[in-house]
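K.L.:
What follows is a predicted structure for the sequence shown.
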Amino acid sequence: MYTEQELIAALRRRDPDAFTFLFDSYSDKVYRLAAGLLEDDMAAEGVVQESFIRLFERLDQFEGRSKLSTWLYRVAYNAAIDRLRKRRPTLSLDIGDDEEMPTPIILADWRDVPERLLTKAEVRAELDKAIAALPEKYRGIFILREIEGVSTQETAVITGLSISAAKVRLHRARLFLRERLSESLMQYV
Amino acid sequence: MTCEELLRYLSDYIDHNLDEALTAAAQEHLSTCHNCRVMLDTTQQTIFLFREQGKRTIPAARRQRLFDQLQDAFLQTKADC
Ligand SMILES: [Zn+2]
């Protein structure tokens, strides 16, 4: 185990154990964010590679003003968004201030879907489908906050949004996903 | 509090980001409005499902190769300094 400062120092010395620790601690995190945004495992691996190499190149300048995880997530987020833009030049991550809040349509109560069903592969597949349908401008924020457990403040730094904008997007993401899951999980009640 | 306001504050309510007065108003509304209660419960269930699902990891078949490639890059970047 290393403190973050010790880890950076050991990485600067090119200590192989520090590399192993870095890889084990952060590669899956970065991968999940990229894979969630890109829906492409190979492209997500490319993002992991790019982010780590960028870190190696910047080690001597790395000042530790942000946490290492925040730094890596941010580089990976930007790399993933770049790839999305190449794929789809019309991609927009902006939301208008006056953009209407989606009105909830389905108010069926499915909170009592039996626990044993929730682990079923079909339900897992519904979660994947729901998140794939979530617009990219919300998806990264949702993954960071709810799946990775990153704080609102760090999520804002990673995505380059204000804290209040990050909160609004998380809220919309939750409502969007609730609507999708209401549609697909009702059949299991 | 109206249903529309409740919907707007829902995430802040779930995350305990509302002040005391708004929290009380939300609770009051939730105790009498069935639709908003369902909204709250199903939104919380949605969050729960995503939080609890197993986290995906780099596929084992490719993990070692990625490790090796990055380790090489790690050791090589030193030479450029
Ligand atoms: Zn209501």
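P.N.:
Looks like it arrived, so ask away. Predicted model only: the values in this text are computed from it and were never measured.

K.L.:
so how far is stretch A:125-143 off the chain centroid?
P.N.:
In terms of C-alpha atoms, centre = their mean, to the nearest Å, the centre of stretch A:125-143 is set 9 Å apart from its chain centre.

K.L.:
okay, how far is it across it, tip to tip?
P.N.:
Using C-alpha to C-alpha, to the nearest Å, the gap from the first to the last residue of stretch A:125-143 comes to 16 Å.

K.L.:
what about that stretch and chain B, touching?
P.N.:
Yes. Legend: contact between stretch A:125-143 and chain B by C-beta under 8 Å from any C-beta of the partner chain is shown at A:127, A:131, A:142. No exception for glycine: its C-beta is placed from N, CA and C like everyone else's.

K.L.:
how far away is the last one from residue A:174?
P.N.:
So the one you mean is residue A:142. 7 Å (C-beta to C-beta, to the nearest Å).

K.L.:
List phi and psi for the residue of chain A most remote from its centre.
P.N.:
Here the centre of chain A is the reference, and by C-alpha atoms, centre = their mean the most remote residue is residue A:13, at 30.6 Å. Listed backbone geometry of residue A:13 is phi -80, psi 0, with angles given as degrees, to the nearest 10.

K.L.:
Disregarding residues adjacent in the polypeptide, which is nearest to the closest residue to chain A within chain B?
P.N.:
Ranking the residues of chain B by distance to chain A (C-beta to the nearest C-beta) places residue B:11 first, at 3.8 Å. Distances taken as C-beta to C-beta, 6 or more residues apart in numbering or on different chains put residue A:171 closest to residue B:11, at 3.8 Å, once the chain neighbours are dropped.

K.L.:
Off-centre distance for whichever strand or helix holds that neighbour?
P.N.:
Under the assignment given by DSSP states H and E, the secondary-structure element containing residue A:171 is helix A:163-185. What separates the centre of helix A:163-185 from the centre of its chain is 14 Å, taken as C-alpha atoms, centre = their mean.

K.L.:
Counting by contacts, list what that helix packs against.
P.N.:
Identification of packing neighbours for helix A:163-185 by 3 or more C-beta pairs under 8 Å, 6 or more residues apart in numbering or on different chains; DSSP states H and E yields helix A:121-133, helix A:136-142, helix A:152-159, helix B:3-14, helix B:34-52.

K.L.:
Counting neighbours, which bits of that helix end up buried?
P.N.:
Of the residues in helix A:163-185, A:166-182, A:184-185 count as buried by neighbour count, 16 or more other C-beta atoms under 10 Å in any protein chain shown.

K.L.:
got it, and stretch A:80-87?
P.N.:
Neighbour-count burial for stretch A:80-87 flags A:80-81, A:83-84 (criterion: 16+ other C-beta under 10 Å).

K.L.:
Max pairwise distance over those: which two?
P.N.:
Between all members of the buried residues of stretch A:80-87, the longest pairwise span (C-beta to C-beta) is found for A:81 and A:83 and amounts to 7.3 Å.

K.L.:
ok, now how distant is the residue of chain A found nearest the ion from residue B:7?
P.N.:
Using C-beta to the ion, the single residue of chain A nearest to the ion is residue A:107, 10.2 Å away. To residue B:7, residue A:107 is 11 Å away according to C-beta to C-beta.
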